[in-house]
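Q: got a predicted model here, sequence first, then my questions.
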Amino acid sequence: MSTYGSFPGTRPRRLRTTPAMRRMVAETRVHPADLILPAFVREGISEPVAIGSMPGVVQHTRDTLKKAAVEAVEAGVSGIMLFGVPLDEKKDAVGTPGTDPDGILQLALRDVRAEVGDDLIVMSDVCLDEVTDHGHCGVLDERGRVDNDATLERYAEMAQVQADAGAHVLGPSGMMDGQVGVIRDALDQTGHEDVSILAYTAKYSSAFYGPFREAVASSLKGDRKTYQQDPANLRESLRELALDLEEGADMVMVKPAGPYLDVLAKVAESVDVPVAAYQISGEYAMVEAAAEKGLIDREAAILETLTGIKRAGAGMILTYWAVEAARKLRAA
């Protein structure tokens, strides 16, 4: 037994003694307003369709998407990021549903804006992967390669129709060179100066996207390594960051979140614009699968992962647990 005056004289454990103490001295707090809900809406269904690899997540009908948006508002979530899933027969080589004013994503944007107005920030994915028959994020050339500049023309059209449909924020996720600048010009030239751009600045070619491809009924052939970033590189993300800011990005994002917390921290240290991170489908699926097998405490794991992402520097977190986590945080 220690005698008076002996070590340890400094005891950090004093600040961990009770839940109230730990709460009072917590350095990082996740708030419902930090959270953004990614959501899928699928054309031609009358009931929500469960996504097998993502327990608890569905492809919404237009009606159930509106309900989900209302639930997000009630939970205190700040935003919803929409992804449209058109009928397979409507997909083509240039992603026509992406620029059709009556395409499923544009209809969903109108639905959600009509339902919640400005109470929820309505965000929209600007990418061709969900609407092309080849599943790539851009237009292909005669050799089957993604044609960067031809794709930019399509993104400009998509930006205009999504803004017309009511998106507050556009999220160009295709990792084409120059995409932010082209979209900014397209928005400004069509009277949408107030529509913001959340740039997918550091989007890595990750093994953790698998469940998402089920969620959007992807038709992908091959891989996206020629345009998404190599997981080995960090400095490259800072180059992408500088370009996106120069081109007019209002906010920037790192995707995925969990495997790239070092990148997230570096980006957050480098900018004076809001920084987001996307906790992607594979991150979600791993926690759900482990919890289903009784290997981890599901609720604790969810909050721990979100806290880690916030601690690394994200002011906004896209997560499929957004509404559930927001409710728990408000009840705490």
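A: Nice, I can see it.
Q: quick one, strands of the stretch 51-200 of the chain?
A: For the stretch 51-200 of the chain, strands defined by DSSP state E, counting those that start in this stretch occupy the ranges 58-60, 79-85, 121-126, 169-172, 196-203.
Q: can you list the ones you listed in JSON lines and add mean neighbour count, distance to residue 13 and mean pLDDT?
A: Backbone N, C-alpha and C define where each C-beta goes, glycine included. Compiled in JSON lines, those are given as follows (neighbours: other C-beta atoms under 10 Å; distance: least, C-beta to C-beta, whole Å; pLDDT from 0 to 100):
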{"stretch": "strand 58-60", "mean neighbour count": "22", "distance to residue 13": "44", "mean pLDDT": "96"}
{"stretch": "strand 79-85", "mean neighbour count": "24", "distance to residue 13": "39", "mean pLDDT": "97"}
{"stretch": "strand 121-126", "mean neighbour count": "26", "distance to residue 13": "41", "mean pLDDT": "97"}
{"stretch": "strand 169-172", "mean neighbour count": "26", "distance to residue 13": "44", "mean pLDDT": "97"}
{"stretch": "strand 196-203", "mean neighbour count": "26", "distance to residue 13": "38", "mean pLDDT": "97"}
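Q: dump those strands to CSV, plus distance to residue 273.
A: What follows is these, written out as CSV (distance: least, C-beta to C-beta, whole Å):
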stretch, distance to residue 273
strand 58-60, 31
strand 79-85, 16
strand 121-126, 15
strand 169-172, 13
strand 196-203, 9
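Q: I'd like to know which of those strands lies nearest to residue 296.
A: Closest approach to residue 296 among these is made by strand 58-60 (23.5 Å; C-beta to C-beta).
Q: out of the strands of the stretch 51-200 of the chain, which is closest to residue 261?
A: Residue 261 lies closest to strand 196-203 among the strands of the stretch 51-200 of the chain, at 11.7 Å (C-beta to C-beta).
Q: remind me which residues of the chain are low pLDDT?
A: Scanning the chain for pLDDT under 70 picks out 1-5.
Q: max-length helix in this structure?
A: Determined from DSSP state H, the single longest helix within the chain is helix 148-164.
Q: what residues of that helix count as buried?
A: Residues of helix 148-164 classed as buried by neighbour count (16 or more other C-beta atoms under 10 Å): 148, 151-152, 154-156, 158-164.
Q: these: which two are farthest apart?
A: So, those by C-beta to C-beta: farthest apart are 148 and 164, at 25.0 Å.
Q: how about residue 27, what does it touch?
A: Applying C-beta atoms under 8 Å, 6 or more residues apart in numbering, we find residue 27 in contact with residue 311.
Q: is it located within a helix, as I assumed?
A: No. Applying DSSP: H, G, I helix; E, B strand; the rest coil, one finds residue 27 to be coil, outside a helix.
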